[in-house]
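Asks: okay, sequence plus prediction incoming.
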Amino acid sequence: MAGKIKVLIVDDSAIVRKIFSEELSKYADIEVVGVAPDPYVARDKIVVLNPDVITLDVEMPRMDGLTFLRKLMKHYPIPTIIVSSLTPKGGKMTLEAFDIGAVEVIAKPGSSYSVGDMSAQLAEKIRAAARVKMVKRGGSTETTATRIEPIRALTETTNKVIAIGASTGGTEALKAVLTRMPPNSPGIVVVQHMPANFTTAFAERLNGICQLTVKEAQDNDSVTTGTALIAPGNFHMILRRSGARYYVEVKTGPMVHHQRPAVDVLFKSTAKYAGANAIGVILTGMGADGAEGLLEMKNAGAGTIAQDEKTCVVFGMPKEAIKLGAADKVLPLDHIASEIVRMV
């Protein structure tokens with residue numbers, strides 16, 4: 001992208017507006033062109049300032065962020081990062097925002113993580129959002145994924161593990177893959193870059209629409225047939241094996257690629273403990289997280305799949321994996337579930 005990424009901050013909290021403005025001013029490639037305390041002020045500033053990316057608080061007076069986002073996506077689609085409180089309500093509103101067309105989420109600055117960590121993540125998310133190709137959205141939020149017939153059952157189940165990693169655009173991509181998976185699918189482990197608390201609401205939502213049981217992973221959970229475990233936000237998830245039993249370890253630790261959970265952490269442990277019994281899938285997302293791990297999985301004998309450029313919201317993570325030669329197959333999103341089943 002030529003020139004600086006122009007950002008408009010929409011938040012009713014003066015403190016958040018100040019922190020975001022100060023932190024983003026440290027990055028040479030990002031410029032905060034304006035701030036707005038509510039959607040009415042934001043609407044006027046968008047017309048004048050023409051920002052590349054908006055950060056949007058979902059809980060605001062006068063007009064809530066979701067109502068504003070619907071209007072924005074219909075008439076003037078701009079890549080939008082949701083700024084949300086770490087509450088169950090915040091989690092549910094954030095998922096609704098993704099349905100409407102938001103591309104990323106970041107937690108409000110606070111006790112959960114340092115301003116320094118937040119600053120690096122916010123800058124990464126803004127760079128990712130700036131690359132998203134936006135399209136106008138009508139009233140319906142139904143995606144093609146929800147209308148595709150799921151695969152009903154596998155003829156036989158094997159002691160395999162499916163590991164999936166995603167970032168920007170991943171909430172919708174994971175929905176497209178997991179809703180198609182059969183109820184007796186091998187155990188699935190998932191890392192989606194998301195802040196703490198939001199993964200709980202995300203897992204609950206998927207559990208309601210999938211044939212699989214989908215839950216947020218807890219330490220020592222078994223990886224079993226018909227179950228998908230989502231790594232909890234702010235924790236790494238590692239695959240382990242004890243005899244014939246696969247299970248996960250959920251732990252803290254340094255960020256990897258500015259991320260916790262990191263896809264590489266999951267994929268590298270899957271290569272080590274599942275080897276040729278695994279299938280690795282890398283979906284849409286910014287950056288290089290997961291590329292090295294997918295290559296380790298392939299070298300250990302696992303089947304590997306990367307999402308193709310055309311169906312990615314951001315072709316970053318799959319592109320890096322493909323560049324390393326880590327992907328056996330490069331496929332459009334709606335072909336991935338059937339290829340996983342074929343590999344199994």
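Replies: Thanks, I have it.
Asks: what does stretch 210-225 rub up against?
Replies: Contacts to stretch 210-225, defined as Cβ atoms under 8 Å, 6 or more residues apart in numbering, come from residues 150, 157, 161, 178-179, 181-189, 199-200, 202-203, 206-207, 226-232, 237, 239, 245-251. Where you see a C-beta, it was placed from the backbone N, CA and C, and this is true even at glycine.
Asks: would you indicate which residues of it are buried?
Replies: Using 16 or more other Cβ atoms under 10 Å as the test for burial, stretch 210-225 gives 210-212, 214-217, 221, 223, 225.
Asks: contacts only, for residue 63.
Replies: Contacts of residue 63 by Cβ under 8 Å, 6+ apart are 38-40.
Asks: would you turn these into JSON lines with neighbour count and distance to residue 289?
Replies: Converted to JSON lines, these look like this (neighbours: other Cβ atoms under 10 Å; distance: Cβ to Cβ, whole Å):
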{"residue": "38", "neighbour count": "18", "distance to residue 289": "35"}
{"residue": "39", "neighbour count": "24", "distance to residue 289": "33"}
{"residue": "40", "neighbour count": "12", "distance to residue 289": "38"}
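Asks: now, which of those lie within helices?
Replies: Using DSSP state H, the members of the contacts of residue 63 that fall in helices are 39-40.
Asks: of the contacts of residue 63, which is the nearest to residue 78?
Replies: Of all the contacts of residue 63, residue 78 sits closest to residue 39, with 12.8 Å by Cβ to Cβ.
Asks: that closest one contacts residue 65, doesn't it?
Replies: Yes. Look at residue 39 against residue 65 with Cβ atoms under 8 Å: they come within range, at 7.3 Å.
Asks: now for those two: what residues contact both?
Replies: By Cβ under 8 Å, 6+ apart, residue 39 and residue 65 have these common neighbours: residue 10.
Asks: from residue 251, how far out is the closest residue to residue 38 other than its chain neighbours?
Replies: Closest residue to residue 38 apart from its sequence neighbours, by Cβ to Cβ, 6 or more residues apart in numbering: residue 62 at 4.8 Å. The spacing between residue 62 and residue 251, counted by Cβ to Cβ, to the nearest Å, is 43 Å.
Asks: please apply the same query to residue 330.
Replies: Look at residue 330 and residue 251: by Cβ to Cβ, they are 32 Å apart.
Asks: what of residue 151?
Replies: 33 Å.
Asks: could I get the phi/psi values of residue 267?
Replies: Main-chain torsions, residue 267, degrees, to the nearest 10: phi -60, psi -40.
Asks: which parts of the stretch 1-150 of the chain are strands?
Replies: Secondary structure of the stretch 1-150 of the chain (DSSP state E, counting those that start in this stretch): strands at 5-10, 30-36, 53-57, 80-84, 104-107.
Asks: what about residue 310, neighbour count?
Replies: Residues near residue 310, counting by other Cβ atoms under 10 Å, number 8.
Asks: hmm, back to that, mind checking which of the contacts of stretch 210-225 land in helices?
Replies: If you go by DSSP H, these have 178, 199-200, 202-203, 206-207 in helices.
Asks: which one of those residues is nearest residue 344?
Replies: Closest approach to residue 344 among the ones in helices among the contacts of stretch 210-225 (Cβ to Cβ): residue 178, at 14.6 Å.
Asks: setting aside sequence neighbours, what's the nearest residue to the closest one?
Replies: residue 210 (5.0 Å).
Asks: what's the separation between the one you found and residue 202?
Replies: 12 Å.
Asks: same check on residue 193?
Replies: Shown here: residue 193 relative to residue 202, a distance of 11 Å by Cβ to Cβ.
Asks: quick one: find the helix or strand in the chain with the lowest mean pLDDT.
Replies: Using mean pLDDT, DSSP states H and E, the weakest-scoring helix or strand in the chain turns out to be helix 144-147, at a mean of 41.
Asks: can you check which helix is longest in this protein?
Replies: Per DSSP H, the chain has its longest helix at helix 115-130.
Asks: in the stretch 201-344 of the chain, what spans have low per-residue confidence?
Replies: Judged by pLDDT under 70, the stretch 201-344 of the chain has no weakly predicted residues.
Asks: the helices in it, which residues?
Replies: Assigned by DSSP state H, counting those that start in this stretch, the stretch 201-344 of the chain shows helices spanning 263-273, 291-299, 317-323, 333-343.
Asks: export the third one as CSV, just CAs?
Replies: Taking only C-alpha atoms (Å, rounded to 0.1, in the frame of the first residue of the first chain), the coordinates of helix 317-323 have been written out as CSV:
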residue,chain,number,x,y,z
MET,A,317,-0.6,-16.8,6.3
PRO,A,318,-1.5,-19.2,3.5
LYS,A,319,0.8,-17.3,1.0
GLU,A,320,3.7,-17.7,3.4
ALA,A,321,3.0,-21.4,3.9
ILE,A,322,2.7,-22.0,0.1
LYS,A,323,6.0,-20.0,-0.4
